[in-house]
Every structure is written in structure tokens, then in C-alpha cells.
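Undergrad: Next input, structure requested:
(2 chains)
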Amino acid sequence: DAGVIQSPRHEVTEMGQEVTLRCKPISGHNSLFWYRQTMMRGLELLIYFNNNVPIDDSGMPEDRFSAKMPNASFSTLKIQPSEPRDSAVYFCASSPGAYNEQFFGPGTRLTVL
Amino acid sequence: AQTVTQSQPEMSVQEAETVTLSCTYDTSESDYYLFWYKQPPSRQMILVIRQEAYKQQNATENRFSVNFQKAAKSFSLKISDSQLGDAAMYFCAFAETSGSRLTFGEGTQLTVNP
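TA: Just a heads-up that it's a prediction; the model follows:
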């Protein structure tokens, strides 16, 4: 298995632009998580899905952030409009549920100028 | 809300020596899961070891072992025979139930000196 796949690996954009981050979980995993990592706040959960249904989006910072999971093999995290304070590494992780082990993707480093 | 605290921002160890990283957590739950993740400079998050709270036996994975003290809400990671490749940021993490969110500590940056 290729593991969790995220794209793009790096994204540089200007303030006000729309940004879409993509994630393909490991096949057969029924939970998907989006995390954000910054120096100031560390690793924090933004949202997670179970069987494609959003379970907890309390970590989504503002209405500018939205996430979807249209099917079991794909999820997106969208920021519109983006701001410099959104600059961070965004991780997607998936879990089969058993033992709660989460497998992380390589992350997307987002820079908003 | 659950919290996870790692009180050691940085640690260093000599190659082949043993080092222990500390982690404490706060929860009112009786059943939960604890993890140690490693993040090398590549920034990939790698699971090192996990512990189910209902298990009294401490988890072990090769050179990595934990000291799980449920009453004290402590979950330390011991790395034996440290190798240069162990140098990374180590995160302690907590999950309330299977399939639920991870709450991470602040991380401990481990340096391994040759």
C-alpha cells in the first residue's frame, strides 16, 4: 500500500486566494483526520470523518475553512480566502479504527504571502 | 477536555546510551489509548509505540518501551541503545476511544550525539 497520499506537498499562494489540499487515505480505513502543525500551536486537530461523515469539526478555526469527504478514498480541505496566519503544515491521517492507530501522510506545507 | 504535557522541550543522549522522555496527561476517562509518535526532519509522523489503558503490561517495541503509570497519569518513553537515526521530535498523544481524535503534547526534540 502507498500509505496516505497528500497533494500538493508544497503550496505557496497569496493572501486572498483559494487553497485546496487533497488527501487519499489508505484503502479500507474508515476514519480520516485533518491536523495542522504550527510552531505556536503545535499539532491540532481540525476535523475528522468516520465513514465519510464529519464527526467533529470543532477545531476548524473559521468559516474560511471547509472540509469534504465525498467518498471513502478522497478528502479535501479548502481555505477561502487564505490569510498569512494560515501558513502551516497540514497533515491528513487515516485509521482503520482498530487500536486507534493513525497513519499520517507526508503533509502539505502551505505558505500564504 | 484532555490535555497532554511534555515538560522537556529538548533532550540529548549519547549514541548507545538510554534516554527517557516524559509525558503526563489529564483525563476523566478510564479507558483510552496513548501513543508516542516520532517526527524526523522529513516531518513524516511515524508511530513508535502505543499503549491501551486497560492493559497493565507496559508496551515494548524493540529498543522502545514505555513506563505507563495509570494512577499517576504518566506515560514515559524509554529509548535503549540510542542510534543517530533516533534523532527527531517526539510527540506523546492521547485518544479517548478507538477511532477518535488524537490530542498531542508539545513535543520533545531529541538529539543523539555520536
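Undergrad: Measure how buried residue 30 is and give me the count.
TA: No chain in the question, so chain A it is. Using other C-beta atoms under 10 Å in any protein chain shown, the number of residues around A:N30 comes to 16. No exception for glycine: its C-beta is placed from N, CA and C like everyone else's.
Undergrad: that's the wrong chain, I wanted chain B
TA: 8.
Undergrad: Hmm, B:A53 and it touching each other?
TA: Yes. If you go by C-beta atoms under 8 Å, B:S30 and B:A53 touch, sitting 7.2 Å apart.
Undergrad: contacting residues around A:M69?
TA: A:L32, A:F49, A:N52, A:V53, A:P54, A:S75 (C-beta atoms under 8 Å, 6 or more residues apart in numbering or on different chains).
Undergrad: I'd like to know which of those are buried.
TA: Among the contacts of A:M69, those classed as buried by neighbour count (16 or more other C-beta atoms under 10 Å in any protein chain shown) are A:L32, A:F49, A:S75.
Undergrad: Turn these into a markdown table, columns for distance to B:S42 and pLDDT.
TA: Below are the buried ones among the contacts of A:M69 laid out as a markdown table (distance: C-beta to C-beta, whole Å; pLDDT from 0 to 100):
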| residue | distance to B:S42 | pLDDT |
| --- | --- | --- |
| A:L32 | 22 | 94 |
| A:F49 | 26 | 93 |
| A:S75 | 23 | 98 |
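Undergrad: Just the ones in strands from these, please.
TA: Secondary structure from DSSP state E places A:L32, A:F49, A:S75 of those in strands.
Undergrad: Show me which of those residues is closest to A:P84.
TA: A:S75 (24.7 Å; C-beta to C-beta).
Undergrad: Contacts only, for the closest one.
TA: Counted by C-beta under 8 Å, 6+ apart, A:S75 has contacts A:R22, A:C23, A:K24, A:P25, A:L32, A:W34, A:F49, A:A67, A:K68, A:M69, A:C92.
Undergrad: How about A:E101?
TA: By C-beta under 8 Å, 6+ apart, the residues touching A:E101 are A:S95, B:F35, B:L47, B:R50.
Undergrad: Report the buried members of the residues you listed.
TA: For the contacts of A:E101, buried by 16+ other C-beta under 10 Å: A:S95, B:F35, B:R50.
Undergrad: B:W36 reaches B:A88, doesn't it?
TA: No. B:W36 sits out of contact with B:A88 when judged by C-beta under 8 Å, with a separation of 10.8 Å.
Undergrad: Which residue of the two possesses the greater neighbour count?
TA: B:W36 (26 against 22).
Undergrad: Look up the residues forming beta bridges with the more buried one.
TA: When bridges are called by DSSP bridges, B:W36 pairs up with B:I49, B:C92.
Undergrad: ok, now A:W34?
TA: Applying DSSP bridges, one finds that A:W34 bridges with A:I47, A:C92.
Undergrad: That one reaches A:C23, doesn't it?
TA: Yes. Here A:W34 reaches A:C23: they are 7.4 Å apart, a contact under C-beta under 8 Å.
Undergrad: list residues touching both of the two?
TA: Common contacts of A:W34 and A:C23 (C-beta under 8 Å, 6+ apart): A:S75, A:L77, A:C92.
Undergrad: ok, so of the residues you listed, who is nearest B:N113?
TA: A:C92 (34.4 Å).
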